[in-house]
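> Fold the following for me, if possible:
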Amino acid sequence: MEGEVRRRGRRRRRWRRRLRLLIPLAVVAAVAVAAVLVVRGSPGAAERQLVTNYVRAWSAGDYRKMYSLLDPASRQSLSESRFAAAYRRDAMIATVRSITPARVGMRRGEDIPVRMVVATRLFGDLRETVQVPLTGTGSDASVHFVPSLLFPGLQGRERLGRHTALAPRATLFAADGEPLAQGPDRTSPISDVAIQIAGVLGPIPAKDAAAYASRGYPPGAKVGLDGLERAFQPALAGTPGGSLLAGHRVLAHHDPKPGHDVTTTINPTIERAAVASLGSNYAGMVAMDPRTGGLLALAGIAFSAAQPPGSTMKMVTATAALAAGIVKLGDVFPYSTQAILDGYTLHNAGGEDCGGTLLNAFAVSCNSVFAPLGARLGGKRLLAMAERFGFNQTPTIPGAAESTIPPASLGSDLEVGSSAIGQGQVLATPLVMTDVGATIAMGGRRPVPTLAAHQPPHFVRVVSGHVAGQVQRMMVAVVEFGTGTAAGIPGVTVAGKTGTAELAPTTTSTGASVANANQLTDAWFVGYAPVGHPRIVVGALFPNQGAGGATAAPAVRQVLVAGLQAEH
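Just a heads-up that it's a prediction; the model follows:
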């Protein structure tokens, strides 16, 4: 009996201890449930979440989401496209980089204030409040659109505006320090050179209006339309400045930041030689220092027009075939006047009977060897090598046309073979073909073209030095005994490649075919010197003006000589 009493006592004491532990836990749980109920059911919580969703969508540029949060009356009076356009307009006016909600306040009357941080290109970081009006309450609330919702800091029916201006334009210099364009009238003491390369200023083109407006340019600004003025537009013009306005109030102000003077790589002596070599012809000429990628001269359609490169494309094809190991310099090919691919006959220029070693076939530009070689190489490998040389890439020179070899045009043996000899749908500028020559000159490293002096050179490895050396041997043969002997310079080893691209026959107004052969071929030549220690690479294109060896090679020779004699 006494033992039973003791056991009951111990059980009561254990229950008391358990109760002491359970009661605080129950209290905590009850408090937590109550807190959740208070948050979920607190006045304004749903409304603040609505506004949070609205400004977060604004931050993400999700105008569709923002529009969906408007009340029916707002959506009835304003279409989604007009709503989005209005927000984009104010973002453009303020040159907005990003817009971020910082703090969503409590509802005051019909509005909830939101503190916003707006990062802009011209006016720095703005910290302003936007008042978000609501219709309804609680979970039934929606945003009511008013004009002041378009930008933080606007009040009432104020609209955002700006007054901006540019500082005086900086000066363009040639490589030797001579001004190419200076002052408001963009004058130059070497006007004969400047007129060829400096470019002109003019009103902002319609197609570029939105881009310039987003950078803060005033509507009446003049910008570089072509040449060096276009290439160095941001550097020369500097950064616009002015005032950001809410109606008549100034929200922010920043003075214009002047641009800086630019020294270019253009060598006046070589530029004059390039212009003289073109004469009155519609043509293009590029001269490059392969050691830096610096463009020493640009004349005519040097980078603005792309044409079929003809047999200058064989520099790319030969590089790809040698790199793939499917051919050697000493491999011998049968002599022929033509090649047949997919049942179509490709002729050699002038019906020439040619063949022999790969080196000889390259030197005399033998289509009957290189078209089948291209087909054997295949479209994927030809395309990959062309792209490493700069095809299908955005040019590094502003305003330059892109050189292209469409992947879809390389499906059949005929298409690949045609592209391998610079026909088909291949298009190239003298700038890119000059860079191809420079790559071989530099042992397989492609210099990235630049117009800015005193910059560290940048190279892209295209192919091994061994393969580049083999292509160089073939290019030397072109000038020594092949199609490019007119580019030879006594006492100097010159490497080069001719190109004669066949064009579609033209017709007269009566429908008669034009018989002049010179009007049916583009003349090309790319050459560099001296081999082994290259100082200058020159590429030329003479559209509709005959054969590369007869027309382009002697013109390139003039510029090579001028470049070797000039100090640059």
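> Going by C-alpha atoms from here, please, whenever you check contacts or count neighbours.
Will do.
> I'd guessed Ala273 sits against Leu560; true?
No: if you go by C-alpha atoms under 8 Å, Ala273 and Leu560 don't touch, sitting 9.1 Å apart.
> Give the residue from these two that has the larger number of neighbours.
The neighbour comparison of Ala273 against Leu560 (other C-alpha atoms under 10 Å) goes to Leu560, with 29 against 21.
> Assign the more buried one to helix, strand or coil.
With DSSP: H, G, I helix; E, B strand; the rest coil as the basis, Leu560 sits in helix.
> Against Ala287, how distant is it?
Distance of Leu560 to Ala287, given as C-alpha to C-alpha, to the nearest Å: 8 Å.
> Now do the shared contacts for the two.
536-538 (C-alpha atoms under 8 Å, 6 or more residues apart in numbering).
> Inside strands: which ones of the residues you listed?
The members of these that map onto strands under DSSP state E are 536-538.
> Number of residues surrounding Val537?
Neighbour count for Val537, taken as other C-alpha under 10 Å: 33.
> which residue sits closest to it, ignoring its sequence neighbours?
Tyr528 (4.2 Å; C-alpha to C-alpha, 6 or more residues apart in numbering).
> quick one: that neighbour is in a strand?
Yes: checked against three-state DSSP, Tyr528 lies within a strand.
> Quick check: beta-bridge partners of it?
Using DSSP bridges, the bridge partners assigned to Tyr528 are Ala495, Val537.
> Show me what the mean pLDDT comes to for whichever strand or helix holds Gly437.
Here Gly437 sits within helix 430-441, counting by DSSP states H and E. Helix 430-441 comes out with an average pLDDT of 98.
> do you know how far Asp192 is from Thr263?
Look at Asp192 and Thr263: by C-alpha to C-alpha, they are 18 Å apart.
> the more surrounded of the two?
Neighbours around Asp192 and Thr263, counted as other C-alpha under 10 Å, are more numerous at Thr263. The numbers are 20 against 14.
> List the contacts of the residue nearest to that one when sequence neighbours are not counted.
Setting aside the residues directly before and after it, Thr263 is nearest to Phe173 in space (C-alpha to C-alpha, 6+ apart), at 4.6 Å. Contact criterion C-alpha under 8 Å, 6+ apart gives 179-181, 261-264 as the residues in contact with Phe173.
> what about the helix holding Gly437, distance to the chain center?
When C-alpha coordinates are averaged (C-alpha atoms, centre = their mean, to the nearest Å), helix 430-441 and its chain have centres 19 Å apart.
> ok, now stretch 92-105?
For stretch 92-105, the separation from the chain centroid amounts to 28 Å (computed by C-alpha atoms, centre = their mean).
> buried residues in that stretch?
Buried residues in stretch 92-105, counted by 16 or more other C-alpha atoms under 10 Å: 92-96, 98-101, 104.
> Distance to Ala401, pLDDT and secondary structure added to the residues you listed, as CSV?
Formatted as CSV, the buried residues of stretch 92-105 follow (distance: C-alpha to C-alpha, whole Å; pLDDT from 0 to 100; DSSP: H, G, I helix; E, B strand; the rest coil):
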residue, distance to Ala401, pLDDT, secondary structure
Met92, 29, 96, helix
Ile93, 31, 96, helix
Ala94, 32, 97, coil
Thr95, 29, 96, coil
Val96, 31, 96, strand
Ser98, 33, 97, strand
Ile99, 36, 97, strand
Thr100, 39, 96, strand
Pro101, 43, 95, strand
Val104, 50, 96, strand
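> and which of the residues you listed is nearest Ala45?
Nearest to Ala45, judged by C-alpha to C-alpha, of the buried residues of stretch 92-105 is Val104 at 11.0 Å.
> ok, now how distant is the closest one from Val132?
10 Å.
> list residues touching both of the two?
51, 112-114.
> quick check, nearest of those to Tyr212?
Val114 (30.6 Å).
> what sits against the closest residue in space to the closest one that isn't next to it in sequence?
The shortest distance from Val114 to any non-neighbouring residue, by C-alpha to C-alpha, 6+ apart, is to Val104 (4.5 Å). Applying C-alpha under 8 Å, 6+ apart, we find Val104 in contact with 48, 51-52, 112-115.
> Can you list which of the residues you listed are found in strands?
Judged by DSSP E, strands contain the following of the contacts of Val104: 112-115.
> which of those residues tops the neighbour count?
Counting neighbours by other C-alpha under 10 Å, Val114 leads those with 22 neighbours.
> Hmm, that one is touching Pro101, no?
Yes: counting by C-alpha under 8 Å, Pro101 is a contact partner of Val114 at 6.9 Å.
> what sits against the residue most central in space within the chain?
When C-alpha atoms, centre = their mean is applied to the chain, the residue found nearest the centroid is Thr394 (4.4 Å). Each residue near Thr394 by C-alpha under 8 Å, 6+ apart is listed here: Glu402.
> State the phi and psi torsions of it.
Torsion angles at Thr394 (phi, psi; degrees, to the nearest 10) stand at phi -70, psi 120.
> for Trp58, helix, strand, or coil?
Under three-state DSSP, Trp58 comes out as helix.
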